[in-house]
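**Q** The sequence and its predicted three-dimensional model are supplied below.
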Amino acid sequence: MASSWTGRRVRLRAIEPDDWTAFARFADDDGRRVGRLDLPRSAESYRAWAKEQAIAECDDDRFRLAVETTAKGELVGVVGSHRTGRCSGWFEFDVVIGASHRRKGYAAEAVVLLLRFMFAERRYHKCLAAVLAPNEASLALFRRLGFIEEGRLREHVFFAGGHHDLVMMGMLADEFDRRHTTSEP
């Protein structure tokens with residue numbers, strides 16, 4: 001492994017202003033949010049978002065990183081920490097991979113690289129992930145990575161004309177260490 005941010009399939013890097021076109025394309029991917037319908041956004045809003053991300057400070061360990069392939073340097077998604085409880089030692093993250101790039105191991109490797117950083121370098125104790133119950137692919141991915149279902153908020157999120165459960169999954173730092181060696185992402 002060349003760096004802490006590089007695995008076999010992906011490299012995590014800062015978001016650049018020119019990445020906006022890829023993020024706009026990901027948002028247009030069918031099924032990106034398991035049936036959730038978002039309002040259309042303008043190209044200018046994606047440009048502004050990417051520019052904002054490119055210069056954003058790492059505020060209280062909340063950040064987003066671009067996920068690109070090591071083979072071609074192609075931007076395939078984004079991963080990041082979006083909520084933290086620094087005093088209690090927990091953080092939440094999310095990962096989005098463009099529809100045409102899914103099921104290639106990119107999300108799994110990006111998540112392991114992120115967790116390794118947050119557990120080993122930032123000294124967090126627990127990672128949380130909130131997953132919509134109909135998103136079976138994400139639930140399966142997180143289970144394979146070692147996350148455990150900790151709870152379910154029944155009919156908590158409304159989308160696609162109905163209420164759906166939100167599944168709360170968690171992993172402790174020592175569980176991560178036992179499952180994922182430091183040399184393998």
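**A** Now that the structure is in, tell me what you want to look at. Bear in mind that the values here come from a model prediction, so they are computed numbers and not experimental data.

**Q** Longest helix of this structure, counting residues only.
**A** helix 43-55 (DSSP state H).

**Q** Give me the sheet partners of whichever helix or strand comes after that one and which way each runs.
**A** Tracing the chain past helix 43-55, the next element assigned as helix or strand by DSSP states H and E is strand 63-69. Within its sheet, and counting by DSSP bridges, strand 63-69 is paired with strand 10-13 (antiparallel), strand 75-85 (antiparallel).

**Q** tell me the mean pLDDT for the last one?
**A** Spelled out, it's strand 75-85. Mean pLDDT, computed over strand 75-85, is 95.

**Q** so what does whichever helix or strand comes after that strand touch, helix or strand wise?
**A** Sequence-wise, the next helix or strand downstream of strand 75-85 (DSSP H and E) is strand 90-97. Counting by 3 or more Cβ pairs under 8 Å, 6 or more residues apart in numbering; DSSP states H and E, the packing neighbours recorded for strand 90-97 are strand 75-85, helix 106-116, strand 126-132. The C-beta positions use only the backbone N, C-alpha and C, and glycine is treated the same way.

**Q** quick one: residue 78 and residue 67 touch, right?
**A** Yes: counting by Cβ atoms under 8 Å, residue 78 does reach residue 67; the two are 6.2 Å apart.

**Q** what's the overlap in contacts for these two?
**A** Counting by Cβ atoms under 8 Å, 6 or more residues apart in numbering, the common neighbours of residue 78 and residue 67 are residue 95.

**Q** what about those two, which has more around it?
**A** Regarding residue 78 and residue 67, a neighbour count based on other Cβ atoms under 10 Å identifies residue 67 as having more, with 28 against 22.

**Q** Enumerate every residue touching that one.
**A** In this structure, residue 67 makes contact with 10-12, 75-79, 95, 97, 106-107, 110, judged by Cβ under 8 Å, 6+ apart.

**Q** for the helix or strand that residue 21 is a member of, what is the average pLDDT?
**A** Take DSSP H and E as the rule and residue 21 turns out to sit in helix 20-28. Looking at helix 20-28 alone, the average pLDDT works out to 85.

**Q** And stretch 51-65, by the same measure?
**A** Averaging pLDDT residue by residue across stretch 51-65 gives 88.

**Q** Return it as CSV; C-alpha atoms alone will do.
**A** The C-alpha atoms that make up stretch 51-65 are tabulated as CSV, following Å, rounded to 0.1, in the frame of the first residue of the first chain:
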residue,chain,number,x,y,z
LYS,A,51,-15.8,24.2,-4.8
GLU,A,52,-17.1,24.5,-1.2
GLN,A,53,-15.9,20.9,-0.5
ALA,A,54,-12.5,21.6,-2.1
ILE,A,55,-11.8,24.4,0.4
ALA,A,56,-13.7,23.1,3.4
GLU,A,57,-11.9,22.7,6.7
CYS,A,58,-12.0,19.4,8.6
ASP,A,59,-14.4,20.7,11.2
ASP,A,60,-14.5,18.4,14.2
ASP,A,61,-13.5,15.4,12.1
ARG,A,62,-16.4,15.9,9.7
PHE,A,63,-15.2,15.7,6.1
ARG,A,64,-15.9,14.2,2.7
LEU,A,65,-13.3,12.5,0.4
